[in-house]
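**Q** Sequence first, predicted model second:
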2 protein chains.
Amino acid sequence: MTTGTLFGVGVGPGDPDLLTLKAHRLITSAGVIAYPAPEGGESFARAIVSDVIPAGTPEVRISVPMAVARFPAREVYDKAAGDIAAHLESGRDVVVLCEGDPFFYGSFMYLYERLADRYPTEIVPGVSSLMTCAARYGRPLAARNDVLRIIPAPLPEDRLAEEIAASDAAAIIKVGRHYEKVRRVIDRLGLVTSCGYVERASLPTEIVKPLYTVNGHDVPYFSMILLYKGAEEWARAPQLSA
Amino acid sequence: MTTGTLFGVGVGPGDPDLLTLKAHRLITSAGVIAYPAPEGGESFARAIVSDVIPAGTPEVRISVPMAVARFPAREVYDKAAGDIAAHLESGRDVVVLCEGDPFFYGSFMYLYERLADRYPTEIVPGVSSLMTCAARYGRPLAARNDVLRIIPAPLPEDRLAEEIAASDAAAIIKVGRHYEKVRRVIDRLGLVTSCGYVERASLPTEIVKPLYTVNGHDVPYFSMILLYKGAEEWARAPQLSA
């Protein structure tokens, strides 16, 4: 018997309308749907496509303990890979739902490294929060020969400062509880007026504003700071310039 | 009379199946479709969605002279903005088709800077070649706290060397006729076995291979080199490891 195929499917940043035609088709015809979820909480990836999943589709929930939600928990992914492998062995295709894009800092890689050398695997790229935040902020990420740096906020403060100072353009991701540290670095570099802030891009609860207006309380994990140092006309986000 | 809305719509990397549901709906209901095209040649953005555009939809072709195809030609975009503005003034929504994503190094910004402060404007993010190349190469772009750099190949050789040497992970874009220069830099840094090469990602003419197997002839503009220095298990692209 032939095995099923493992699909790592990007479901986009949150608005179900930003699903690709391909993702939509794969989800509606999936043998099995799998997705990560915080222990005891709702899966964001599943919530994005909850109206698309046909009733009765078998689901594999990958419960990631809160304490390690953003770091690989070897046993969690070993078990999830085992569960998924059992479906694949039975000939069922498994669609793993991935927030945004599967290969842009996502947790899908922990399943991928455990399964892709044993089963047919296809990665379906999705609309990333990177591009969505720029769209919502109203300013291009980068242009012409700018080097764009994607900088994770959990980095140590001195490394952050070095990366931000040397950037033509940057997106600082996973801000959340690292907000105060990041803001301190940006203020010290005198760059706050070149920065925009976007949280929960494309969702009804989205917030978009200039960084200097952000209060540090309750900045969620799904937030991003966009920096552009260029002097182009379009470097001023039209809806934000007074 | 109210004016129409300007939509900058990402149409994804090439496979029409990677269009978003939103882009599909906007294109099928557009008052006017606009797109860039090389003078005398076919528009790639339009080709991606040619089966989606309803017959009879008015079109604005933005002919970009070959010599300046990758650089802003002020007069070309002034004229295109004027043509589009006339439609918007008449109350027609205008959908501008953008290869990949509108705000990731695209030419849409030249229309955006001319029109967005005068007309209601919405940017619809698309699946980027960045994520698509990683998906097709079979290796995550970056993980955990890696800094990912997007590096345009037209940069001078010494700057390229500096950026690549300091990267945890990198995507070198717009390779094309800069291939020999980029390859020289990567070889000198001893990084060739950490690099993958992807051209025309998601199209039937796609090529995916390890960089060390690439012959420099005929590398197209739509090509990318992906670099990952990490030692993670998944840093080895499964389909490329012998």
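**A** Perfect, I can see it now. Because the structure is a prediction, the values reported are computed rather than measured.
**Q** dump the residue contacts of the residue of chain A positioned farthest from its centre.
**A** Computed with CA atoms, centre = their mean, the residue of chain A farthest from its C-alpha average is A:M1, at 35.7 Å. Taking CB atoms under 8 Å, 6 or more residues apart in numbering or on different chains, we find A:M1 in contact with A:G91. Using the backbone N, CA and C atoms, a C-beta is placed for each residue, glycine as well.
**Q** Look up how far A:G31 lies from it.
**A** According to CB to CB, to the nearest Å, A:M1 stands 14 Å off from A:G31.
**Q** Then A:K79?
**A** Distance, A:K79 to A:G31, by CB to CB: 20 Å.
**Q** same check, this time on A:T57
**A** Taking CB to CB, one finds A:T57 at 8 Å from A:G31.
**Q** And for A:S43?
**A** 19 Å.
**Q** Of those two, which one has the most company?
**A** A:S43 (21 against 16; other CB atoms under 10 Å in any protein chain shown).
**Q** which residues touch the residue positioned nearest the centre of chain A?
**A** Nearest to the mean C-alpha position of chain A, counting by CA atoms, centre = their mean, stands A:G100 at 4.6 Å. Taking CB under 8 Å, 6+ apart, we find A:G100 in contact with A:10-13, A:106, A:126-130.
**Q** what do you get for A:A166?
**A** Under the criterion of CB under 8 Å, 6+ apart, the neighbours of A:A166 are A:R149.
**Q** and it, what are its phi and psi?
**A** phi -90, psi 0 (degrees, to the nearest 10).
**Q** so who does A:I123 touch?
**A** Contacts of A:I123 were listed using CB under 8 Å, 6+ apart, and they are A:7-8, A:102-103, A:112, B:134-136, B:138.
**Q** Give me the nearest residue to it, chain neighbours excluded.
**A** Excluding its sequence neighbours, the residue lying closest to A:I123 (CB to CB, 6 or more residues apart in numbering or on different chains) is B:A135, at 3.8 Å.
**Q** A:D51 too?
**A** A:P16 (6.5 Å).
**Q** For the helix or strand encompassing the residue nearest to A:I123, buried residues please.
**A** Using DSSP states H and E, B:A135 sits within helix B:129-137. Using 16 or more other CB atoms under 10 Å in any protein chain shown as the test for burial, helix B:129-137 gives B:129-137.
**Q** now do stretch A:18-27
**A** Going by neighbour count (16+ other CB under 10 Å), the buried part of stretch A:18-27 is A:18-24, A:26-27.
**Q** got the CA positions of it in PDB?
**A** Taking C-alpha atoms only, stretch A:18-27 is exported to PDB below (Å, rounded to 0.1, in the frame of the first residue of the first chain):
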ATOM      1  CA  LEU A  18      -5.800  35.400   2.600                       C
ATOM      2  CA  LEU A  19      -5.800  31.600   2.300                       C
ATOM      3  CA  THR A  20      -4.400  30.400  -1.100                       C
ATOM      4  CA  LEU A  21      -6.600  28.500  -3.500                       C
ATOM      5  CA  LYS A  22      -4.300  25.600  -3.100                       C
ATOM      6  CA  ALA A  23      -4.500  25.600   0.700                       C
ATOM      7  CA  HIS A  24      -8.300  25.900   0.500                       C
ATOM      8  CA  ARG A  25      -8.500  22.900  -1.800                       C
ATOM      9  CA  LEU A  26      -6.100  20.800   0.300                       C
ATOM     10  CA  ILE A  27      -7.900  21.500   3.500                       C
END
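**Q** can you list contacts of that stretch?
**A** A:7, A:9-12, A:33, A:48-49, A:52-53, A:95, A:97, A:124-127, A:132, A:202, B:12, B:15-22, B:24, B:124-125, B:127.
**Q** State which helix of chain A is the longest.
**A** For chain A, the longest helix by residue count, based on DSSP state H, is helix A:74-89.
**Q** what about that helix and chain B, touching?
**A** No - using CB under 8 Å from any CB of the partner chain, helix A:74-89 stays clear of chain B, coming no nearer than 11.2 Å.
**Q** So which bits of stretch A:38-48 are buried?
**A** Neighbour-count burial for stretch A:38-48 [16+ other CB under 10 Å]: A:43-48.
**Q** Residues touching it, excluding its own?
**A** A:11-12, A:14-16, A:19, A:33, A:35-37, A:53, A:59, A:61, A:63-66, A:69, A:97-99, A:222.
**Q** Find out how far that stretch is from the centre of the chain, if you would.
**A** 14 Å (CA atoms, centre = their mean, to the nearest Å).
**Q** Okay, now the unreliable bits of chain A?
**A** A:66-72, A:231-242 (pLDDT under 70).
**Q** quick one: the helices in chain A?
**A** A:21-28, A:44-48, A:74-89, A:108-115, A:129-137, A:157-165, A:179-188.
**Q** Ok, which of the ones you listed comes nearest B:L191?
**A** With CB to CB as the measure, helix A:157-165 is the member of those nearest B:L191 (19.8 Å).
**Q** in that closest one, what counts as buried?
**A** Buried, per 16+ other CB under 10 Å, within helix A:157-165: A:160-164.
**Q** what do you get for stretch A:191-209?
**A** For stretch A:191-209, the buried set under the neighbour-count rule, 16+ other CB under 10 Å, comprises A:191-192, A:194-203, A:206, A:208.
**Q** Same list (these) but as JSON lines, adding distance to B:D146.
**A** Conversion of those to JSON lines gives the following (distance: CB to CB, whole Å):
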{"residue": "A:L191", "distance to B:D146": "22"}
{"residue": "A:V192", "distance to B:D146": "25"}
{"residue": "A:S194", "distance to B:D146": "24"}
{"residue": "A:C195", "distance to B:D146": "21"}
{"residue": "A:G196", "distance to B:D146": "23"}
{"residue": "A:Y197", "distance to B:D146": "23"}
{"residue": "A:V198", "distance to B:D146": "21"}
{"residue": "A:E199", "distance to B:D146": "22"}
{"residue": "A:R200", "distance to B:D146": "24"}
{"residue": "A:A201", "distance to B:D146": "22"}
{"residue": "A:S202", "distance to B:D146": "25"}
{"residue": "A:L203", "distance to B:D146": "26"}
{"residue": "A:E206", "distance to B:D146": "27"}
{"residue": "A:V208", "distance to B:D146": "26"}
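**Q** Would you point out the most distant pair within those?
**A** A:L191 and A:L203 (27.1 Å).
**Q** so what's the residue nearest to A:D51 up against?
**A** Contacts of A:P16 (CB under 8 Å, 6+ apart): A:48-49, A:51-52, B:21.
**Q** With A:R183 instead?
**A** Counting by CB under 8 Å, 6+ apart, A:R183 makes contact with A:192, A:211, A:214, A:216.
**Q** are any of those residues buried, and which?
**A** So, by 16+ other CB under 10 Å, the buried ones in the contacts of A:R183 are A:192, A:211, A:214.
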